[in-house]
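In: Pasting the sequence and the predicted coordinates here, then a few questions.
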Amino acid sequence: MLPASANPEPYRIKMVEPIYLIPREDRELALLEAGLNVFNLHAEKVFIDLLTDSGTGAMSEGQWSAMFQGDESYAGSPSYHRLREAVRDVMGFPFVLPTHQGRAAENVLHSAMIKPGDVIPGNSHFDTTKAHIEYRKAHAIDCTIDECFEPEIEHPFKGNVDLEKLDRSVEEHGVDKIPFVLITVTNNSGGGQPVSLENINAVADYCESKGLRLMIDCARFAENAWFIKHREEAHRHRPIEDIIHDIFRRATGCTMSAKKDAIVNIGGFIALRDEEIYEQCCTYNILFEGYLTYGGMSGRDMEALAVGLQEGTNESYLAARIGQVRRFGDALTDAGIPIVRPPGGHAIYLDAKKFLPHIDQEQFPAQALVCELYLEAGVRAVEIGTVLADRDPDNGNNRPPKLELMRLTIPRRVYTDNHFAYVRDALVNLYERRDKIRGLKFTYEPPILRHFRARFDWIR
Ligand SMILES: *Cc1c(COP(=O)(O)O)cnc(C)c1O
């Protein structure tokens with residue numbers, strides 16, 4: 001018998017894209033020019049790019065060849081109908097509106113459903129979701145279980161909603177102020193951690209008892225389904241397709257960033273069970289995105305998305321994908337490097353407070369670590385810490401989050417285990433000389449979403 005841990009990739013490589021490691025002096029120059037902010041780097045100066053898993057996946061021959069069949073009709077494109085069929089088949093929702101990406105789906109849905117003063121409770125909301133809620137003068141309430149915020153606790157479903165916290169926020173604000181409860185799978189802002197089917201069903205029961213709607217932010221629904229199958233005893237022997245249907249069965253609808261689990265470079269959609277909400281969304285989709293049968297996507301992109309939705313839910317693909325992330329995380333743990341445990345579905349998060357205990361959180365330890373990793377090895381990671389958390393709008397102070405993290409995000413079907421062995425070795429080098437790493441200060445700080453455009457210098 002082969003070891004269960006093998007999970008070899010169910011594909012081989014037909015086309016490759018060269019990458020280069022520029023010399024150390026050139027990396028130093030590039031980082032200085034970028035103001036110590038890796039968002040400002042030219043991507044060709046990056047060797048291994050772990051900035052995000054969004055839109056960075058490798059499409060298959062099936063997706064590329066489907067693109068040739070894209071029908072670019074303004075209305076009634078067969079490419080739209082193929083996308084709608086794929087969504088119906090995989091997720092079970094009858095009504096489908098294409099949008100150009102996930103936040104566009106949020107913009108349309110929220111325009112139809114959210115009023116000023118509303119509250120949207122759920123597990124951790126993704127940044128764009130929260131921004132779209134707050135833009136409408138409504139509030140996102142994080143009801144994730146406490147274990148999510150303890151990096152060392154090995155809990156199988158750290159993305160779960162705490163039913164008591166949910167009930168408290170419903171009691172406090174009243175059902176009239178709650179257009180829907182939102183579950184994000186996997187919980188991206190909470191470390192790519194999954195939500196159990198038991199928890200989804202418990203939230204659905206609760207919503208039914210209160211007459212509330214349930215929506216799913218489903219960017220990584222397939223990865224979440226894989227965790228349910230492998231960590232929830234009751235579902236171990238069920239086909240992944242059935243588990244996916246169960247995730248959505250009791251929800252009113254979902255918003256999808258197809259740049260994640262549908263393995264396309266751009267695209268998204270809203271899928272709904274409720275015709276009335278669909279009708280309301282149609283108006284905003286036409287206003288913001290485009291006519292109902294293309295919504296900001298080209299016909300060929302809808303073709304790639306329809307195929308990617310099927311491929312992204314294939315069980316041996318998911319085993320290889322999640323296996324790669326887990327092997328990388330376990331290799332770091334074995335090397336003594338502090339990460340959020342257990343590894344989630346799409347990224348490994350380094351605990352920067354533990355890695356650099358001598359750097360105060362106000363001196364951005366996770367951002368300092370991102371810079372050092374680039375200098376060391378040409379690897380681009382991203383800060384999920386004090387810089388990203390921005391200032392408190394009320395008093396103008398930094399609001400250092402509980403977890404100060406550096407995220408190493410794994411694109412789909414792009415890098416091999418060898419690339420990750422290289423990244424691990426680079427991190428081991430950094431860990432050995434960690435007490436020489438210095439903190440940072442701003443030289444330029446934009447007023448909002450500062451992490452994208454801020455510039456820094458080392459504290460001398
Ligand atoms: C990426 C993401 C979004 C936003 O989607 P975009 O395609 O980047 O606009 C929303 N929710 C979650 C959970 C995401 O991961």
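Out: Structure's in. What do you need?
In: Sketch out the low-pLDDT regions of this structure for me.
Out: Of all residues in the chain, those with pLDDT under 70 make up the ranges 1-5.
In: Quick check: longest helix in it by residues?
Out: helix 315-334 (DSSP state H).
In: tell me what that one is packed against?
Out: Identification of packing neighbours for helix 315-334 by 3 or more C-beta pairs under 8 Å, 6 or more residues apart in numbering; DSSP states H and E yields helix 221-231, strand 347-351, helix 417-432. The C-beta positions use only the backbone N, C-alpha and C, and glycine is treated the same way.
In: Redo those as a markdown table? Include mean neighbour count and distance to I286.
Out: Formatted as a markdown table, the helices and strands packed on helix 315-334 follow (neighbours: other C-beta atoms under 10 Å; distance: least, C-beta to C-beta, whole Å):
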| stretch | mean neighbour count | distance to I286 |
| --- | --- | --- |
| helix 221-231 | 25 | 27 |
| strand 347-351 | 26 | 35 |
| helix 417-432 | 17 | 43 |
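In: The longest helix of the chain to helix 417-432, inter-axis angle?
Out: Between the axes of helix 315-334 and helix 417-432, defined by axes from the mean of the first three to the mean of the last three C-alpha atoms, to 10 degrees, the angle is 20 degrees.
In: contacts for helix 315-334?
Out: Outside helix 315-334, the residues within contact range by C-beta atoms under 8 Å, 6 or more residues apart in numbering are 5, 7-11, 222-223, 225-227, 239-240, 311-312, 339, 341-348, 350, 408, 410, 412-413, 417, 420-421, 423-424, 427.
In: which of those residues come close to the ligand?
Out: Counting by C-beta under 6 Å from any ligand atom, nothing from these sits close to the ligand.
In: what angle separates the longest helix of the chain from helix 221-231?
Out: Here helix 315-334 runs at an angle of 70 degrees relative to helix 221-231 (the same axes, to 10 degrees).
In: in helix 315-334, what counts as buried?
Out: 317-329, 331-332 (16 or more other C-beta atoms under 10 Å).
In: Distance to I19 added to the helices and strands packed on helix 315-334, as TSV?
Out: Below are these laid out as TSV (distance: least, C-beta to C-beta, whole Å):
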stretch	distance to I19
helix 221-231	25
strand 347-351	20
helix 417-432	9
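In: dump the residue contacts of whichever residue of the stretch 301-450 of the chain sits closest to the ligand.
Out: Closest to the ligand within the stretch 301-450 of the chain is H346: 8.5 Å, counting by C-beta to the nearest ligand atom. Counting by C-beta under 8 Å, 6+ apart, H346 makes contact with D53, T186, N188, G192, R220, E223, K260, V325, T409, I410.
In: For the ligand, see how far away the third one is.
Out: When C-beta to the nearest ligand atom, to the nearest Å is the yardstick, N188 and the ligand sit 4 Å from each other.
In: Off-centre distance for the longest helix of the chain?
Out: 17 Å (C-alpha atoms, centre = their mean, to the nearest Å).
In: For the closest residue to the ligand within the stretch 51-200 of the chain, the count of nearby residues, please.
Out: Proximity of the stretch 51-200 of the chain to the ligand (C-beta to the nearest ligand atom) peaks at G102, 2.3 Å away. By the criterion of other C-beta atoms under 10 Å, G102 has 25 neighbours.
In: ditto for P357
Out: With other C-beta under 10 Å as criterion, P357 counts 12.
In: Now it: which helix or strand?
Out: Under the criterion DSSP states H and E, no helix or strand holds P357.
In: which ones among the contacts of H346 are found in strands?
Out: Secondary structure defined by DSSP state E assigns T409 of the contacts of H346 to strands.
In: what's near enough to touch N201?
Out: Shown in contact with N201 (C-beta under 8 Å, 6+ apart): D246, R250.
In: Same check on the one 3 residues further on?
Out: Counting by C-beta under 8 Å, 6+ apart, A204 makes contact with L214, R250, A251.
In: Closest to the ligand out of these?
Out: For those, the residue nearest the ligand by C-beta to the nearest ligand atom is A251; the value is 14.7 Å.
In: ok, E445 - contacts?
Out: A454.
In: Show me how the protein divides into domains.
Out: By the assignment in automatic domain parsing, the chain contains the domains 24-53+315-458, 61-311.
In: So for the residue of the stretch 51-200 of the chain closest to the ligand, what's the nearest residue that isn't a sequence neighbour?
Out: S257 (2.6 Å; C-beta to C-beta, 6 or more residues apart in numbering).
In: what do you get for N123?
Out: T144 (4.4 Å).
In: That neighbour - how many residues pack around it?
Out: So T144, with other C-beta under 10 Å, has 23 neighbours.
In: Show me the beta-bridge partners of it.
Out: Going by DSSP bridges, T144 is paired in beta bridges with V161.
In: Tell me what the closest residue to the ligand within the stretch 201-350 of the chain is bridged to.
Out: Relative to the ligand, the nearest point of the stretch 201-350 of the chain is S257 (3.1 Å; C-beta to the nearest ligand atom). Beta-bridge pairing of S257, defined through DSSP bridges, involves G268.
In: OK, contacts around it?
Out: With C-beta under 8 Å, 6+ apart, S257 has these contacts: S54, Q101, G102, R103, A105, A219, G268.
In: give me phi/psi at E106?
Out: Main-chain dihedrals, E106, degrees, to the nearest 10: phi -60, psi -40.
In: My understanding was that it contacts C254; is that so?
Out: No - in this structure, E106 is not within contact of C254 by C-beta atoms under 8 Å, at 11.0 Å.
In: Between the two, which contacts overlap?
Out: With C-beta under 8 Å, 6+ apart as the test, E106 and C254 both reach D217.
In: just the helices in the stretch 101-250 of the chain please.
Out: Using DSSP state H, counting those that start in this stretch, the helices of the stretch 101-250 of the chain run over 102-113, 127-135, 163-173, 197-210, 221-231, 240-249.
In: Could you check the angle the longest one makes with helix 240-249?
Out: Put simply, helix 197-210 runs at 30 degrees to helix 240-249, going by the same axes, to 10 degrees.
In: Quick check: chain neighbours aside, which residue is closest to I459?
Out: G439 (4.9 Å).
In: before we move on, the earlier item: I22: which of the buried residues of helix 315-334 is nearest?
Out: For these, the closest approach to I22 (C-beta to C-beta) belongs to F328, at 23.7 Å.
In: Need phi/psi at the residue positioned nearest the centre of the chain.
Out: The geometric centre of the chain, computed from its C-alpha atoms, lies nearest to N188 (C-alpha atoms, centre = their mean), at 4.4 Å. Backbone torsions for N188, taken as degrees, to the nearest 10, come to phi -60, psi -60.
In: So which residues on the chain come close to the ligand?
Out: 54, 101-103, 126, 128-129, 184, 188, 217, 219, 257, 259-260, 268.
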